[in-house]
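# sequence and predicted structure below; questions after.
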Amino acid sequence: MPPVPRDGFGREIDYLRISLTDHCNLRCVYCMPLAGNHYAPSPDLLTAAEIEAVARAAVAVGFRKFRLTGGEPTLRADLVEIVERLAGVAGVHDLAMTTNGVRLPGLAPRLAAAGLKRINVHLDSLDAARVARVMRWGTLAEIWAGIEAAEAAGLRPIKLNAVVVRRFNEEDVVPLAALTLERDWHVRFVETMPLGRGEVAAVARAGLVPSAESRTWIEAALGPLLPLPPTDPADESRNYRLPGGRGVVGFISPVSEPYCATCNRMRLTAEGRFHLCLLRDDEIDVRGALRAGAELDAIGRLLLRAVGSKPTGHRLDLGHSTEAREMYQIGG
Ligand code: SAM
Ligand code: SF4
């Protein structure tokens, strides 16, 4: 097996997050505006075969972990084929997906059969009216059915991502954390990050709830959060267990407790560009090389160049973020 590539700061980068589309069937207030979105034209999206080629090149230069994201990855008509292709690449050790869950009832068994290992479902509230306010399209009932379908299909452990937004869903932090008392699920609370220059970035800035505050609410209601030892140094979630709880309560705190020093990620946008740091605009095109007939080792060299060019980290503390892209165009 090739050694894991290191970036210019000595970080081991072995995790590729692949965005399959910039379309979504929801419109979360901190991610996707209701109108004025810019979508890549369909011919610009990487095909299933091109995605497989990038994954093969990535494994050959030392990548091990892969995640499908979006936009909403389940909107890709060829999602099952993409999973099958990636699961068939020797050296892909971990294949997961992040989704809003709405389309999982029909898809989960087929995804599991195709080789998907794990799934993260995004759910910001356990209250139907607040789901409608924060996630705007889609319903709590649909997302919940998706979570149950994923669990029934064996896509375990179930991880839920909840973005905490001030004045939108603070009331949900405690009930969401309480899910881990009865279930072996991981419920992770995510701080809002501003991406782009539009209204969703403004919501993310104004809505930031530092994880320390969410922790306080949970402890006041449910008892002390018992820290769990990190199992993976690159896990961006700081994990705890509630007294008597079966699952895990996690906090992803890119703003208040940045984890750039242990970043292990590279991102591939739906239209085939390596995006070097979530919260910056630096990108390297790979689609052009793929469509010009580049061999896998040339794609691997491009990926190593992207790894070598990764910036140290984000600059949210200085008020800088992406200008060219919003979250739905990168994939979180
Ligand atoms: N549509 C899928 C979903 O919602 O899970 C996958 C793509 S979405 C961009 C990936 C993750 O990004 C979501 O789980 C959501 O929690 C998170 N997210 C989106 N916008 C965010 C923002 N502005 N700040 C923090 N997290 C955000
Ligand atoms: Fe869609 Fe996911 Fe963005 Fe929500 S967070 S709008 S579900 S891409």
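Good, I have the coordinates. Ligands and ions are numbered 1, 2, ... in the order given.
# show me the contacts for the residue of the chain found nearest ligand 1.
Ligand 1 sits closest to Gly332 of the chain, with a gap of 2.8 Å, by C-beta to the nearest ligand atom. C-betas here are computed from N, CA, C, even on glycine. Taking C-beta atoms under 8 Å, 6 or more residues apart in numbering as the definition of contact, the neighbours of Gly332 are Arg17, Thr69, Thr98, Leu278.
# mind checking how far it is from Arg325?
Computed as C-beta to C-beta, to the nearest Å, the Gly332 to Arg325 distance reads 12 Å.
# ok, Ala60 next?
For Ala60, the distance to Arg325 - C-beta to C-beta - is 28 Å.
# give me the low-pLDDT residue ranges for the stretch 51-200 of the chain?
For the stretch 51-200 of the chain, not a single residue meets the criterion pLDDT under 70.
# surely Leu303 meets Gly62?
No - Leu303 is beyond contact range of Gly62, at 9.5 Å (criterion: C-beta atoms under 8 Å).
# please identify which of those two sits among more neighbours.
Leu303 (25 against 20; other C-beta atoms under 10 Å).
# can you tell me the SS state at the more buried one?
helix (DSSP: H, G, I helix; E, B strand; the rest coil).
# can you pull the contacts of it?
Val54, Ala57, Ala58, Val61, Phe63, Met266, Phe274, Val286.
# now render the contacts of Gly332 as TSV, adding distance to Cys28.
Shown next, in TSV, are these (distance: C-beta to C-beta, whole Å):
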residue	distance to Cys28
Arg17	18
Thr69	14
Thr98	13
Leu278	16
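# widest-spaced pair of those?
Thr98 and Leu278 (12.9 Å; C-beta to C-beta).
# sorry, back to before: who's more crowded, Ala60 and Arg325?
Neighbours were counted for Ala60 and for Arg325 using other C-beta under 10 Å; Arg325 has more, 20 against 17.
# wait, the more buried one touches Asp281, no?
Yes - with contact taken as C-beta under 8 Å, Arg325 and Asp281 are classed as touching, separated by 7.0 Å.
# who in the protein is up against ligand 1?
Residues of the chain lying close to ligand 1 by C-beta under 6 Å from any ligand atom are 24, 30-31, 69-70, 72, 98-100, 122, 161, 163, 190, 192-193, 195, 204, 327-328, 331-332.
# again, 5 Å this time
For the chain, the residues in contact with ligand 1 (C-beta under 5 Å from any ligand atom) are 30-31, 69-70, 72, 98, 100, 122, 161, 163, 190, 192-193, 204, 327, 332.
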